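**Q** sharing a model that was predicted from the sequence below.
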Amino acid sequence: MNHDRVHCAYNGIDVDPETQALTRNRLHWLLDHLPSGRILDLGCSQGTLSVLAARRGERVAGVDIEEEAVAFAARLAAELPPDVAARLAFLRGDGERLGFPDGCFDAAVAGELLEHVNDPGAVLGELHRVLAPGGTLLVSVPHGLMPHHDHRRTFYRAGLRSLLAPLFDVRELTVLDRHMTAVAVRRKTPRGTPAFVLSPEETDFLRREERLEQQAQTLRDKLERANRLYRDVTAVNAELKARGGDGGAAGQDVLDRLSALQESVSLLSGRTSAGADELGAVTEERDRLRADLRAAETEIGLLREAAGAAEDERQRLLESIRELSTGLAAVRDTADAVAAQRDELRAVVRAQAEELRTAGAARDEDLGTAEARHEQVLRGLHARIADLEEEARTERAGLERLRTIYNGERHRHDLTQQRLSKLLGTEAKVRQENERLKEKLEAVTGRLSDYREQVTRIRSSRAWRVLSVYRQLRHPGRPEPAQPERRDALPAPSPARTVVPVPVAAPATAPKPAAPAPTSLEEVRSGLREWIERARDADGDEVVLMFSGTTYVQEARGNRPIRLTRVYLGRDCPVFFNYYRWRDTEPLPEHPDPLLFQSPIDITPRLLDEVLGADYGGKRKLLFASFPHEAMVRTLTHAASHGWVTIYDARDDWEEFSKIGMAKWYHPGYERYLVAHADVVTAVSAPLARKMETLGGRSVSVNANALDPGFPTPSAPRRPDAARIGYFGHLTDKWFDWDLVLRAARTYPHYTFELAGHQNPDLRLPDNVRLLGLLGHRELAELSAGWALALIPFKNGALADAVDPIKVYEYLHLGLPVLTTYFPQCVDYPGVRVTESAAEFVAALPEVAGSDPDLGEIRSWLDRNTWECRVAAYSELAEQVVRKGREGLLTLLECR
Amino acid sequence: MKVVFCYRYGVIGGVSTQLLNRYTHFSAEFDIAVLYESDHGMVGHFPPGVARVAASDEARETAIREAEPDVLVVIDSPSFLSAWQRADSPGSLILEVHTTTTNLSYLGELAIQPDHIVTVSEYMRGKLGALGLSPISVVPNCLDERWYAETVPPALGSAPVAWIGKLDGHKRWRAAADLLDRIAGASPGVTPLLVGGYTAPAGEVSALTTKLATSPALGTARWLPRLDYDRMPALYSAIAANGGLTVSTTTDESFGMSVAEALVRGCPVVAPAVGALPEILPDEALYPPGDWAAAADRALRALSDPGFRAALLSTAQLVRERTHTEYALAAFRNVLQRTAKSSKVA
């Protein structure tokens, strides 16, 4: 009988708070690790754990060998709520011979049981039997020596683990204060028979613990004896004192007894003195031993900690070895499986070879039969061929007749075709003339509008009103010359210059329109998705992301990104075109080509993920950073990692532009970044390419500006007037050299300088300098037919050094000799005279004006310098990148 | 058991990647749901219905109430704590803390007592313990199987010295650029590499490009503002295979995820002895915070001394074990089960 009092300890009855806390801690740990289901609480004692589990909702069978404990537990259960009690059953039973069928429990608890039983191996065998496959076993035992009359063995970690391991897989083993607890899972196949064995280290440790316990026990006994002696002496002393109190009675008897008592007192005094000395010695000895005990207990604590750590390390190593063994076994299994598969395949191959041999023999036999049949068929065919040859001769004769008829018809057709071509040529001319007249009409309409405005202004002026009054006074009753019904009849004044029509301003009284809403991102995104689908299906082999800082693609604009875009669209290559807009309320532009998607710069960054990550059906992907914008810095290498070939196209010297107050967005760090990180860097001129090379420390290709072959030509052959000199383009004094032009005009007063383009200078111009305003391409072409020479008079400097003016190609296309200031890129262009100083420019003017450029050479050169050629060059550069792969750290963008 | 994870924003990488790993491994065992305050492309990575956005206080409260969680895990997101309270505190509450920044301040004034605290390192355990929080379990971040995939590192022609991070003061990118400049100046065969900063403010982008353009030894440097997370394992392997290393200049780390990623791929790291980094790096790899000369010395030695490189990688196996999904997720599973069970037993 073990006199277990777990119920009292758990509930704090007759125990100190520390014992109660330890007991609760242990039982709660077991509960926390106890799975749900059918539970066996073996060695349930007073049923405390069983009751807690039942309260949690489990069905529990509590079994204990002690009848009294089982009765106590049953009484306890009877006091529980009926639903809890219904889940509980307490039975008396022996753990070595359980009366339950196999596999009837999901989990079992053996709390403080294994240290009590005769044969722990037999108990574990029974637990293994009654647990279902995969069932969990929770075990708790005292950790180390815990003297108790019914404890039959002492457990340490290794001992407990080796006892459980043959039948259970130990998942967790932990020390809770003075106890050890374990969570183990039932093994499907036992690995031997469980037996309790301590390791040599544990045995040594146990001996040491026992020695210490023995010493402590001896000390306790000694102390007990000393205490007992002290109590005896005290009792005798008291009795003697009591007897002394009775000594006052008279008589001889008393005197005798007093005498005897005095002797006894004397004797006892001596004895008491000796006893006190001995007690003092024993007390000292006891204190010394107690101190030894405390020191020994401290040492035991330290040794336990060390042993625990060593055990953990050993278990970890054992776990690693087991995992490695399992891995090795799996590899061996795989090897066996592969070998078996190989043998099977060999057998299949042998069988197929046999079938092949049989089929070969059958084929030889069939071949003989087929050859005989073939011989017969061949003879029939020869006969048929002879018949067909005869038939063919007849057909050939018929064909000859048909050919004669066909030749006659073809001749007639050619004559008709020639007539048609002539008509088509006439049609083109008629169309051209029509276009010219239309443009002229527009110009005239514009001028008319201007004149109307002027007339309105004049009529509303004070001077006009005064003049009207004066006229009325002089010719009363005469109608007003500017009255509406007569205004139309006025003859149009002859034009001094062409003016682009200006839209009529809205009347002042018109209601103010509501502020337009910003473009919705979702609207753009929806359009983008449709474009991506079209792009995927497009016939072209490239897709282009043109990150341009110009306006959107429109016919009136001809800058480099737009020109390149037009060529790509002409090749059926889809283009995503980023453009600049001033306000987010500006509406999205429309364009007839469905392969073009235009996105404003305030929206593009939010679309880039979708654009870069889309599937374009295997097309080569080209990203043009057409100016060094921050969005390109953030995006360039990301695009490259998604398979885009990235191109930084230096189309101007932006640094120099920023110095004259333009390109305010310019940041040298951004441009340097793009030059260093793009797959391909091109520049429009050799000087600009050299600058980019210095900036990025890499090679840079020149891919100059070019000619759009669709640029108009004069409708009639050139008839240059030797005294007319022309220019078209921007007239800003930031780069247009007005001083130089004025000097030339003054030097050659008999020449007329016709300047077409934006901006009027705030200058007093000589009479032979005429400003034509902004003209369309067609008008320029017609006008140029009368020029003897075209100029590009820009200020010399770093800005001009980098430029390759598009207008030089257009001048040459129009057949004009060209005189320029210092443009290093144009030095070798045919028909172009590049000068450096103002004196040289002025001196060369009459010479170049009288020159006769080699039009054949120029035409041939222009054929090699079209935008088509530039796009072809980009395709070749991109192909090189794809073929060679990236270099240096940018290779990392292709890492996978 | 129904487990609901709550986090501020769904963005690829970081905490969200950890959540995806957890979903992958726990979904067979538990009923998992994820709630975000906002989404930046992460919700779509989960199967339909698993992750959703609860953008307002009211939506968060409703979502928690409807989910009826057994365990609610709130990760660095105070707004979900108040929502949980308003939803009558269903289930057990686990507070998970990854951040080391000022976002931590709310923990000092918590009005509720979580059932459990989870964090990623012993360093963070100490930090949270000092705020009076308990019980605390450490569950390290984990790296999924792509971090163990084989790659073919290209020959780069030079040894990269890489710095990976956001362009902010917490990661000290300016000090990093100067450190790379110093290293490249002392060892011409080196190419500096910076990765990250795609979302940095324009001023920082401008400052970095200026630095790259004007610092003498950064002429050959490459900056990749953005690289898909899937590419990172191959990147680290390529740096390692070409004799390079990564350097860190961070001011604090709760775990040191990018350092752990580099180590797992066999890429040596030199880093300051701050935050949780001493838990995953050997002493040889650590320099006193702010001692850039010491950092440069270590990096230069790593570039030329194979023995020293090996020493820098001496904790790599430990980090692989600690960040392995089996280990990290088993630790988290344990916390989940115990938290749920304790609450039921109580």
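**A** On my side now, so go ahead.
**Q** helix or strand next in line after the worst-scoring helix or strand of chain A on mean pLDDT, which one?
**A** Within chain A, confidence by mean pLDDT, DSSP states H and E is lowest for helix A:484-487 among all helices and strands, at a mean of 36. Later in the chain than helix A:484-487, the nearest helix or strand by DSSP states H and E is helix A:521-537.
**Q** in that next one, which residues are buried?
**A** A:Val524, A:Leu528, A:Trp531, A:Ile532, A:Ala535 (16 or more other CB atoms under 10 Å in any protein chain shown). No exception for glycine: its C-beta is placed from N, CA and C like everyone else's.
**Q** can I get these in TSV including pLDDT?
**A** Formatted as TSV, those follow (pLDDT from 0 to 100):
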residue	pLDDT
A:Val524	91
A:Leu528	96
A:Trp531	96
A:Ile532	97
A:Ala535	97
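**Q** adding distance to B:Ser215, write the residues you listed out as CSV.
**A** What follows is the buried residues of helix A:521-537, written out as CSV (distance: CB to CB, whole Å):
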residue, distance to B:Ser215
A:Val524, 39
A:Leu528, 39
A:Trp531, 42
A:Ile532, 41
A:Ala535, 41
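**Q** out of those, who's nearest chain B?
**A** The nearest member of the buried residues of helix A:521-537 to chain B, counting by CB to the nearest CB, is A:Leu528 at 16.9 Å.
**Q** was I right to think the closest one contacts A:Thr604?
**A** No. A:Leu528 is beyond contact range of A:Thr604, at 10.1 Å (criterion: CB atoms under 8 Å).
**Q** check which helix or strand covers the closest residue to B:Thr151 other than its chain neighbours.
**A** Nearest residue to B:Thr151, sequence neighbours excluded (CB to CB, 6 or more residues apart in numbering or on different chains): B:Ala234, at 4.1 Å. Using DSSP H and E, B:Ala234 sits in helix B:232-241.
**Q** using PDB, write out every CA atom in that helix.
**A** This file holds the C-alpha atoms of helix B:232-241, laid out as PDB (Å, rounded to 0.1, in the frame of the first residue of the first chain):
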ATOM      1  CA  MET B 232      17.200  36.800 -54.400                       C
ATOM      2  CA  PRO B 233      18.400  33.200 -53.800                       C
ATOM      3  CA  ALA B 234      20.200  33.200 -57.100                       C
ATOM      4  CA  LEU B 235      21.600  36.700 -56.400                       C
ATOM      5  CA  TYR B 236      23.200  35.600 -53.100                       C
ATOM      6  CA  SER B 237      24.600  32.500 -54.700                       C
ATOM      7  CA  ALA B 238      26.100  34.500 -57.500                       C
ATOM      8  CA  ILE B 239      27.700  36.900 -55.100                       C
ATOM      9  CA  ALA B 240      29.200  34.000 -53.100                       C
ATOM     10  CA  ALA B 241      30.400  32.100 -56.200                       C
END
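**Q** any idea how many residues pack against the residue of the stretch 51-200 of chain A found nearest chain B?
**A** Of all residues in the stretch 51-200 of chain A, the one sitting closest to chain B is A:Arg56 (6.4 Å; CB to the nearest CB). Neighbourhood size, A:Arg56 [other CB atoms under 10 Å in any protein chain shown]: 17.
**Q** same question for A:Val553.
**A** Neighbours around A:Val553, by other CB under 10 Å: 22.
**Q** looking at this, it is in a helix?
**A** No. Looking at A:Val553 with DSSP: H, G, I helix; E, B strand; the rest coil, it is coil, so not inside a helix.
**Q** report the buried residues of stretch B:200-207.
**A** B:Ala200, B:Glu204, B:Val205, B:Ser206, B:Ala207.
**Q** hang on, the first one packs against B:Asp168?
**A** Translated: B:Ala200. Yes. Assessed by CB under 8 Å, B:Ala200 is found in contact with B:Asp168 at 7.3 Å.
**Q** point me to the residue of the stretch 1-150 of chain B nearest chain A.
**A** Closest point on the stretch 1-150 of chain B to chain A, by CB to the nearest CB, is B:Gly41, at 8.7 Å.
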